[in-house]
Structure formats: structure tokens, C-alpha cells
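Novice: Sharing a sequence plus its predicted fold:
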Amino acid sequence: MAWKKLTALTEETSPGLSDILYMVKNPSTTPLDRKVTFQSFKNLISPAGRRSLTLSGTLALTDTDLNEQFLNPDGAERIVTLPAGATDNHYFNIHNTGTSMYNLVVQTSGGVTVGLVTMKQGKTFRSDASTWYCEGGQYKTIWLPAGVIKPRLNTGCNDVATYETATNYQNFDYILFPDSGISNAVATFLLPPDYIASSVLYAKLFWGFPATATGTDTYWAFKAYGYSHDVALEQAFSSTRHLTAAGVTTANKMFISALTSSITIDGTATPGCYINFQLQRLPGNANDTAAQDVRLYGVLLYYATGRV
């Protein structure tokens, strides 16, 4: 190779990752001639590293994979599994580079969904040494109006009815929970694809009195059971969450309860599971002071899409 001035060399505008650069190691102490590949140089200036990949099936990440993952699901929903036994604070930034509406479903090695990465979106998945979680999660909602909530066959509440205001003809569907005794209602739905398998839900009640009440409070119980494939229908609830919902004694007003504490989903709680959600009014309980029937206009459920 002929010696030339640096400025006289032919410029290479598209170096490959296996091409090499000349470097001097320890120039201020014991200088050594060394070579370095463009791949090593790239990793040096971007310590996290980056991988771009078009997927044709499931991708299983390992502890030694680059932290930055730019993945194209390429025309189908793809599963990305996180490594088992990851160390504390280990993370992956997973980006969906697809151009169509297909998701990256990020799961643990045990098959538990941690998060969903939609088209042109990126999310961070981090380990705390015992579990993986999705950073920057948020709460989303499922609205259950009175029209989709049904009386339970055993000790059920009244069926759906409609109240219309006298002057402006505002219409409100509701189900009635009588004050005469405990009554129950049921709603069913599927857990959304971005549910993070935390096994819990939260709820708010939208309710009111049809006539003047004696006291302001009503008392409720919530239960949920999740069904996956090939599970017997006869299952026992093992968890119950209670809520005191406070209003005022005036009739024909809309009251919105506080948010419940976590409602545990018994059985299986993964995206796509069939949920049997039951709620019960307990007028005989000391916390229920209304001494009046209750209209339930709907239930707003909350679920998390990551650690929030």
C-alpha cells in the first residue's frame, strides 16, 4: 500500500460494518497500533446498540441482545419474548417499525403479556430482577352501560329500563337494585389486547336514586373471574372488593362513585380472556344508609397497560 496524505485518499461513502479503521491505543502513555471494525465503533458511540429486524415469527430476546430493538412485524401480529432471569434494571426499548396495523406482543418467557407495541410506537420494558414491566404505562377504560349489564338469574336485580326527564326528555337506561334485599348483576367482556396481565381491575359506579332517599350511601361488592380455553364453567369466586358509594338524598341526580381499590380477577387474567364480572348491592349492610332503591346507569372499569 502506497503512503499518501489523508486528504489524498479516495473517500469511502458506504463502509461496511466489517470494514476497519486505524487507531492508536493509549496515545498519551504507551501508544499501540490497533484496528477497529465499524461495528465496534458503532457500538462505542451508541452503547445501547441497535438492531433492526423484519420478523417472520416469534422473536426470543436474550440477555446479550442489543437494548434498542427496531422490529417490523411484517404483516402479522408477532410475539417478542423477554429473557428469563434478567438482572435488575436490565431494559429493552422495543420499537414497532411496521407500516400496517399489526402489533408486537411483548411477553415474559413464561408467556405472560407485559405490553403491546403498536405501529410506529416504542415502549421500554425493564426488569427489577424478579419481573418484567412496561414503563410509562397508562390506565385505559372499559365502559359497561346499563344495557349490557344483566340481572343474575339467582337473586338478580331488575332488568334494564329507561327513565326520561319531564322537560327536556333526556333518556337514561338503568338497572334497578331494590332496597328490599341483596341483588346481583352480571356483565361479560374480553380483556383487551393491551391488558398487562396484572390480574386486577378498578371500577367506578354511575348511579342515582329514583326517589328521595333517607341516607346518602350505598354499599356494593365486586367479583370477577377470567376464563381461558378448556376451563369448566363452574368456578368459585375467591376474591371480593367492597365500595361505599356516596351521593345525596335527592332523587333523579347522577352520582359518580370514587374508584374502588383493586378488584382481583380470579382464574386467568390475560389478554383475550372471557371475564365474568359480577356486582352486588348490599342494602342490609350498615354502610348502606340510603333506604331507597338505586338506579345503576353504568360501570366504568379501569385497567393498566404498564407500570403506572
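Specialist: Cool, got the structure.

Novice: CA atoms for contacts and neighbours, from now on please.
Specialist: Fine.

Novice: Remind me which helix or strand residue 162 belongs to.
Specialist: If you go by DSSP states H and E, residue 162 is part of strand 161-164.

Novice: what's that strand in contact with?
Specialist: Outside strand 161-164, the residues within contact range by CA atoms under 8 Å, 6 or more residues apart in numbering are 170-175.

Novice: what pairs with that strand, and is each one parallel or antiparallel?
Specialist: Strands that pair with strand 161-164, judged by DSSP bridges, come out as strand 171-177 (antiparallel).

Novice: tell me which residues of the helix or strand following the partner strand are tucked away?
Specialist: Downstream of strand 171-177, the first helix or strand assigned by DSSP H and E is strand 183-190. Buried residues in strand 183-190, counted by 16 or more other CA atoms under 10 Å: 183-188, 190.

Novice: now swap in stretch 13-23 and tell me
Specialist: residue 20.

Novice: which residues in the stretch 1-150 of the chain form strands?
Specialist: 20-25, 32-37, 50-54, 59-60, 68-72, 78-81, 88-96, 104-107, 113-117, 122-128, 132-134, 139-145, 150-151 (DSSP state E, counting those that start in this stretch).

Novice: Export those as TSV, with columns for distance to residue 227 and mean pLDDT.
Specialist: Listed next are those as TSV, based on distance: least, CA to CA, whole Å; pLDDT from 0 to 100:
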stretch	distance to residue 227	mean pLDDT
strand 20-25	57	80
strand 32-37	53	82
strand 50-54	34	90
strand 59-60	27	96
strand 68-72	32	95
strand 78-81	22	94
strand 88-96	30	89
strand 104-107	19	90
strand 113-117	16	84
strand 122-128	27	90
strand 132-134	23	87
strand 139-145	18	94
strand 150-151	19	98
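
Novice: so what's residue 128 up against?
Specialist: 87-90.

Novice: where does residue 193 land in three-state SS?
Specialist: coil (DSSP: H, G, I helix; E, B strand; the rest coil).

Novice: That one contacts residue 272, correct?
Specialist: Yes: between residue 193 and residue 272 there is a contact under CA atoms under 8 Å: 6.4 Å.

Novice: burial measure for the closest residue to residue 175 other than its chain neighbours, as a count.
Specialist: In this structure, residue 175 finds its nearest non-sequential neighbour in residue 160, 4.6 Å apart by CA to CA, 6 or more residues apart in numbering. Residue 160 has 18 neighbours, counted by other CA atoms under 10 Å.

Novice: measure residue 160 to residue 149 for me?
Specialist: 8 Å (CA to CA, to the nearest Å).

Novice: so what sits against both of those two?
Specialist: In contact with both residue 160 and residue 149: residue 175, using CA under 8 Å, 6+ apart.

Novice: and the residue lying closest to residue 254 once chain neighbours are set aside, what pLDDT?
Specialist: Nearest non-adjacent residue to residue 254, counting by CA to CA, 6+ apart: residue 208, 5.3 Å away. Per-residue confidence (pLDDT) for residue 208: 98.

Novice: Residue 208 against residue 294, yeah?
Specialist: Yes: Residue 208 is within contact range of residue 294, at 5.9 Å (criterion: CA under 8 Å).

Novice: Let me see the domain layout of this structure.
Specialist: Following automatic domain parsing, the chain resolves into domains at 50-134, 139-304.

Novice: Which among these is found nearest to residue 38?
Specialist: Among the domains of the chain, the nearest to residue 38 by CA to CA is domain 50-134 (13.8 Å).

Novice: Distance from the chain centre to that closest one, please.
Specialist: In terms of CA atoms, centre = their mean, to the nearest Å, the centre of domain 50-134 is set 15 Å apart from its chain centre.

Novice: Please apply the same query to stretch 281-300.
Specialist: 30 Å.

Novice: Over to stretch 131-149?
Specialist: 6 Å.

Novice: can you list contacts of that stretch?
Specialist: Under CA under 8 Å, 6+ apart, the answer for stretch 131-149 is 82, 108, 114-115, 123-127, 160, 173-175, 185-187, 296-308.

Novice: Which helix or strand in the chain has the lowest average pLDDT?
Specialist: In the chain, no helix or strand scores lower on mean pLDDT, DSSP states H and E than helix 38-45, which sits at a mean of 62.
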